[in-house]
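Colleague: Generate coordinates for the sequence data below:
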Amino acid sequence: MTAYVTYWYKSARLAIYSLLEQIRLKSGKQEVLLPAYHCKSIEQAIESAGCVAKFYRVHWNLEPDIESVEHLLGPETSAIVGIHYFGFRNNFRDLTNLCRFSNIPFITDAAHIDLAGGVNLSEHSDWQVFCPRKFYPIFDGGGLRFQPDAGYSPLEPIGCLKDEFRALNFLMEGICGKHTAVNSSPRPFDFMRDFRTIQSYVSPRSRAPDVSDDGYVDSRFDFHGRIGMTNISRFVLKSMSISKAHQKRRSNFKFLDHEIHGMPRIRPLPVRLQGDDVPYVYPAVLETPEFDHAEIRKTGIGILRWEDFSESECMVSDSYRDSLIQIPCHQYISRKSIRTLVECLSDVLRTGKKYA
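Modeller: Reported below is the predicted structural model:
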């Protein structure tokens with residue numbers, strides 16, 4: 001099988017935009033099939049590329065509803081997108097076979113999979129989009145992996161000198177301790193050795209304008225270009241201690257899984273760590289989100305929830321819009337902090353404690 005080529009863009013969203021624009025221009029087709037449960041940013045990329053998003057249903061385990069996909073297929077379908085959620089590989093066997101049979105490009109959104117850190121996807125897809133900045137403390141970065149013979153090659157990204165200066169400023173702020181993790185003692189030499197002390201969740205203003213890790217969407221993001229990932233961010237990424245980051249994320253996930261199982265009014269999404277899985281977050285479903293979500297947010301826990309995507313006929317996505325929360329398990333959370341996180345969850349869900 002032909003080896004993959006990787007283009008490094010400023011963000012994963014820009015990578016998707018660049019690819020879909022080329023597919024639309026060369027095929028003359030505009031419809032892109034997308035799972036109903038998704039992050040709003042991918043919709044913006046699709047629309048900015050001049051395409052129209054149509055949403056297929058997903059099952060409760062977030063696997064694609066293949067009958068829904070077949071129902072939406074039409075002469076204007078230009079591509080089908082499948083999403084790997086929360087760091088775990090989705091089951092795309094039927095979807096891949098359908099795309100091959102129908103001769104339709106298949107794109108996997110692997111923003112929650114650490115492809116930059118060496119995690120591999122088993123399915124054969126034409127294009128794989130990933131986002132290293134979701135896993136590591138870098139200023140910018142999104143990747144697009146594809147096979148040279150895939151048929152629709154996007155334009156190669158180009159560098160931006162202004163972004164290089166901004167990335168350098170972000171790096172220096174990290175060295176000076178402005179983005180340090182809780183309970184760490186930042187020292188420049190520690191930072192330069194393996195970058196362990198940078199906080200991966202920083203203000204949107206400190207990062208490249210796009211989507212931050214707290215779900216913030218910057219409407220000023222410019223899709224009209226093919227800006228590449230900065231050389232400084234690529235250097236930082238290559239210098240990271242990847243294995244330690246993976247180990248810490250798995251450890252935090254297992255700790256949360258052990259503590260949250262058995263809590264009332266919340267149930268973990270049925271996912272399991274297998275092989276080289278590296279979790280992005282810990283996904284769980286609130287049974288009474290209308291009461292519990294706001295109280296959990298008041299505790300200060302940085303939970304995420306996708307709630308601003310377009311409405312569809314999918315009952316699962318409509319339910320998960322309110323009930324499915326993403327609990328952080330990244331490598332910069334100390335054990336003390338993660339225990340505090342669990343205690344706050346327990347206070348709200350077990351005792352009904354109210355926070356101001």
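Colleague: can you list the residues that contact the helix or strand harbouring residue 8?
Modeller: According to DSSP states H and E, residue 8 maps onto strand 5-9. Strand 5-9 has contacts (C-beta atoms under 8 Å, 6 or more residues apart in numbering) with 15, 18, 141-148, 154, 156-157, 226-229, 234. For glycine as for every other residue, the C-beta is placed from the backbone atoms N, C-alpha and C.
Colleague: For residue 255, which residues are in contact?
Modeller: Counting by C-beta under 8 Å, 6+ apart, residue 255 has contacts 335, 338, 342.
Colleague: Which strand or helix spans the residue nearest to the last one when sequence neighbours are not counted?
Modeller: Read that as residue 342. Leaving aside its chain neighbours, residue 342 sits nearest to residue 259 (4.5 Å; criterion: C-beta to C-beta, 6 or more residues apart in numbering). Applying DSSP H and E as the criterion places residue 259 in helix 242-260.
Colleague: which parts of that helix are buried?
Modeller: By neighbour count on 16 or more other C-beta atoms under 10 Å, the buried set for helix 242-260 is 242, 245-246, 248-250, 252-253, 255-257, 259-260.
Colleague: Now the strand holding residue 8: buried residues?
Modeller: 7-9.
Colleague: Any idea how far that strand is from the middle of the chain?
Modeller: Between the centre of strand 5-9 and the centre of its chain there are 17 Å (C-alpha atoms, centre = their mean, to the nearest Å).
Colleague: ok and the next helix or strand after that strand relative to strand 5-9, angle-wise?
Modeller: Moving toward the C-terminus from strand 5-9, the next helix or strand (DSSP H and E) is helix 12-27. Here helix 12-27 points in a direction 120 degrees away from that of strand 5-9 (axes from the mean of the first three to the mean of the last three C-alpha atoms, to 10 degrees).
Colleague: which residues of the stretch 101-250 of the chain fall in helices?
Modeller: Ranges of helices within the stretch 101-250 of the chain are 161-175, 188-194, 231-239, 242-260, based on DSSP state H, counting those that start in this stretch.
Colleague: now those helices as TSV including mean pLDDT and distance to residue 278?
Modeller: Formatted as TSV, these follow (pLDDT from 0 to 100; distance: least, C-beta to C-beta, whole Å):
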stretch	mean pLDDT	distance to residue 278
helix 161-175	87	22
helix 188-194	36	17
helix 231-239	92	15
helix 242-260	94	5
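Colleague: Can you tell me which of those is nearest to residue 132?
Modeller: In terms of C-beta to C-beta, the element of the helices of the stretch 101-250 of the chain nearest to residue 132 is helix 231-239, at 5.7 Å.
Colleague: Verify the stated contact: residue 289 with residue 320.
Modeller: No - with contact defined as C-beta atoms under 8 Å, residue 289 does not count as touching residue 320 (9.7 Å).
Colleague: and these two? which has more neighbours close in?
Modeller: Using other C-beta atoms under 10 Å as the criterion, residue 289 and residue 320 rank with residue 320 on top: 24 against 21.
Colleague: and that one, that one's in a helix?
Modeller: Yes - under DSSP: H, G, I helix; E, B strand; the rest coil, residue 320 falls within a helix.
Colleague: Nearest residue to it in space, please, no chain neighbours.
Modeller: residue 37 (5.5 Å).
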